[in-house]
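Novice: only geometry, no sequence info:
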Ligand SMILES: N[C@@H](CCC(=O)N[C@@H](CS)C(=O)NCC(=O)O)C(=O)O
């Protein structure tokens, strides 16, 4: 399987997820900073013009990180970070959706509309006036998640590592690098982040 790869948290999610599943990916780098992902050649692969994108052994193209990770999960031999039962899979998808919409999306758009404006202003609609509010929404949801984890669960969805953990880890790691570090006083979130950061797959 070939992954069209670049800098940024979304490709990191897929690389880490594949490493967790023991699935090898051939990486092909795309120059995101130079805007190659918005050019005709790449748009033929992923008309959304974003990274990553997976080319399967059958030659099909899959974009959107949660779809790619679920596909990799199905290809993994005996390992799953989605879940082994219908209840577990629903739980993983519920938490992943909460993380995606509540934290990742506002954090990323908060960046695109402020510090990231020089990169993004000519490739998408940007709303600088919304940046601080979006960052605030992400912070509030991190605090809410921290409260949810007061029950001592080691992972976001409960006792086992899941897609939700990989997605959030990669975005909080990104947030640290772009001026949106999570509040280390959120002790449950901080302990969880440190445990994810210690996984061998974190550097994939
Ligand atoms: N919803 C997409 C988001 C992908 C995304 O935002 N990728 C970023 C890299 S982390 C990107 O391609 N940014 C460059 C651009 O939008 O031109 C997914 O789930 O894969």
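Specialist: Looks like it arrived, so ask away. Keep in mind that what you see is a predicted model, and the values were worked out from it rather than measured. Numbers count the residues shown, from 1 in each chain.
Novice: end-to-end on stretch 144-155?
Specialist: 15 Å (Cα to Cα, to the nearest Å).
Novice: Same check on stretch 49-63?
Specialist: In stretch 49-63, first residue to last residue: 10 Å (Cα to Cα).
Novice: and that stretch, what's its mean pLDDT?
Specialist: If you average the pLDDT over stretch 49-63, you get 98.
Novice: Retrieve the pLDDT associated with the spatially most central residue of the chain.
Specialist: Residue closest to the mean C-alpha point of the chain, counted by Cα atoms, centre = their mean, is residue 167 at 3.6 Å. The per-residue pLDDT reported for residue 167 equals 98.
Novice: Run through the residues that contact the residue of the chain at minimum distance from the ligand.
Specialist: Nearest residue of the chain to the ligand, counting by Cβ to the nearest ligand atom: residue 8, 2.6 Å away. From N, CA and C alone the C-beta is placed, and that goes for glycine too. Applying Cβ atoms under 8 Å, 6 or more residues apart in numbering to residue 8 gives the contacts 32, 51, 174.
Novice: Count the neighbours of the first one for me.
Specialist: Looking back up the chat, that one is residue 32. 18 (other Cβ atoms under 10 Å).
Novice: This completes my enquiry, with thanks.
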